[in-house]
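A.B. asks: compute the structure for the input listed below.
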Amino acid sequence: MMGMLKRRPAVLASAFAAILGLLLAGCDDTPTAQATPAPPPVTVAQPVQKSIIEWDEYTGRFSAVESVNVRARVSGYLSSVHFREGEIVKKGDLLIVIDPRPFEIALGQAQAELLEAKAQLDLETRELERARPLLQRKTMSREVFDERLQSQIAAQAALQVAESRVQAAQLNLEYTEIRAPVTGRISNRMVTVGNLISGGSADATLLTTIVSLDPIHFYFDADERAYLKYVRLSKSGQRPSSRDTHNPVYLALADETEFAHRGHMDFVDNQVDFGTGTIRGRAIFQNSDLLFVPGLFARMRLQGSGEYQATLLPDRVIGTDQSRKFVYVVDKEGTVAARPVTLGPIIDGLRVIRTGLQPDDWVIINGIQRARTGGKVAAERSTIDTVAAAKRAQ
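C.D. replies: Numbers count the residues shown, from 1 in each chain. Have a look, this model is predicted:
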């Protein structure tokens, strides 16, 4: 027992020495180096280079080239209506008849007065001819001859008045038949048969309206900036003025996505509106199928630039940093940089890049979320699918 007690401190000391040796040996070991992560993969492509024309979009409404308020030129009782409401009428078609009988009577009276005036002129002419030899033989005084001459002149004037009255009576009789002044679609009738209508003045009874449909106008308003842009483009020779040239325009209706209807500009107003700060323009469209009607809303595209070589990218690769727009570009060493860009309109599904990019820049188009400014990436080169972009834009 005493022997065992004497050996225990020696065992403990030996064990302690062994543990201490292990700890010291562990402190002498150097740490293993951590592996460097591989750069994230991204897809890069160069911007699309394409010759384009920019198009400005406006909203507006159709308006008839010819619009007529049909009113009577003579007063009388409405006798009959000869059109169907809402139909297409041709120029010269009979629309409404006013009771012609009072005007037929007036014409008969005027014609009778004309006959009387002719007879009176014939009598005065014969009297004057008989007086001439008497004046030469001096068997008639000059005063009497002058009286007969004046009577003949008065008879001539009375004849002209009678002829004018006949023409006026004939015209009034013609006015009892109201005919379409233009070709177009007629509205509903405002007055029914049997009513007394007034005519021949600014307050004449409105009977119906007619609007022409083919061709048809389209009116829109452009702001001052757009007007100034067009003027400067014209002065620089990049785009002719719509005042002098029938610049093409394309139109889409409210239920259409494509601008499939082609027309051209035919008028620009002569001043900017003081209240709205806009200037009015007008285009004209053929309308043989009568799809367009006055008052219909539509969107229109007008040539907004000359033809030029543009740089384009998909809209999805463009980032936003507050008010700044940028794209990620990759250099030859695979280093990422954020490049500020100035944007233009979308053409065939791709965004025009006005400034900030060169044609030989490599832009990240896939894996943008893995890119960091100043970081490294494993760039796989590709191209931008312009066909797919155009289809998505449709």
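A.B. asks: OK, contacts around residue 70?
C.D. replies: 95, 96, 178, 180, 181, 206, 207, 208, 209, 210 (C-beta atoms under 8 Å, 6 or more residues apart in numbering). Heads up, the C-betas are built off the backbone N, CA and C, glycines and all.
A.B. asks: now, of these, which are buried?
C.D. replies: Applying a neighbour-count criterion of 16 or more other C-beta atoms under 10 Å, the buried members of these are 95, 96, 178, 180, 207, 208, 209, 210.
A.B. asks: how many residues are close by residue 228?
C.D. replies: Per other C-beta atoms under 10 Å, the neighbour tally for residue 228 reads 10.
A.B. asks: meant to ask about residue 164
C.D. replies: For residue 164, using other C-beta under 10 Å, the count is 12.
A.B. asks: same check on the one 10 residues further on?
C.D. replies: The local packing of residue 174 (other C-beta under 10 Å) involves 14 other residues.
A.B. asks: likewise for residue 161?
C.D. replies: For residue 161, the neighbour count with other C-beta under 10 Å is 13.
A.B. asks: not counting sequence-adjacent ones, nearest residue to it?
C.D. replies: Counting by C-beta to C-beta, 6 or more residues apart in numbering, residue 117 is the residue found nearest to residue 161 once chain neighbours are left out, at 7.3 Å.
A.B. asks: and for residue 227?
C.D. replies: Nearest non-adjacent residue to residue 227, counting by C-beta to C-beta, 6+ apart: residue 279, 5.1 Å away.
A.B. asks: go on, residue 218?
C.D. replies: Leaving aside its chain neighbours, residue 218 sits nearest to residue 283 (4.6 Å; criterion: C-beta to C-beta, 6+ apart).
A.B. asks: give me the buried positions along the helix or strand where that neighbour lies.
C.D. replies: Per DSSP states H and E, residue 283 falls inside strand 278-285. Residues of strand 278-285 classed as buried: 278, 279, 280, 281, 282, 283, 284, 285 (neighbour count, 16+ other C-beta under 10 Å).
A.B. asks: and what of stretch 261-268?
C.D. replies: When neighbours are counted by 16+ other C-beta under 10 Å, the buried residues of stretch 261-268 are found to be 261, 263, 265, 266, 268.
A.B. asks: circling back to that earlier point, of all the buried residues of strand 278-285, which comes closest to residue 101?
C.D. replies: Closest approach to residue 101 among the buried residues of strand 278-285 (C-beta to C-beta): residue 284, at 45.4 Å.
A.B. asks: chain neighbours aside, what residue packs nearest to the closest one?
C.D. replies: Leaving aside its chain neighbours, residue 284 sits nearest to residue 266 (4.7 Å; criterion: C-beta to C-beta, 6+ apart).
A.B. asks: adding pLDDT and distance to residue 131, write the buried residues of strand 278-285 out as a markdown table.
C.D. replies: Below are the buried residues of strand 278-285 laid out as a markdown table (pLDDT from 0 to 100; distance: C-beta to C-beta, whole Å):
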| residue | pLDDT | distance to residue 131 |
| --- | --- | --- |
| 278 | 95 | 78 |
| 279 | 95 | 75 |
| 280 | 96 | 72 |
| 281 | 95 | 74 |
| 282 | 96 | 70 |
| 283 | 96 | 74 |
| 284 | 97 | 69 |
| 285 | 97 | 74 |
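A.B. asks: re earlier: among the buried ones among the contacts of residue 70, which are in strands?
C.D. replies: Of those, the ones assigned to strands by DSSP state E are 95, 96, 178, 207, 208, 209, 210.
A.B. asks: what are the bridge partners for the last one, then?
C.D. replies: Beta-bridge partners recorded for residue 210 (DSSP bridges): residue 68, residue 186.
A.B. asks: which strands and helices sit next to the helix or strand where residue 162 lies?
C.D. replies: With secondary structure defined by DSSP H and E, residue 162 is part of helix 142-175. For helix 142-175, the packing partners by 3 or more C-beta pairs under 8 Å, 6 or more residues apart in numbering; DSSP states H and E come out as helix 101-136.
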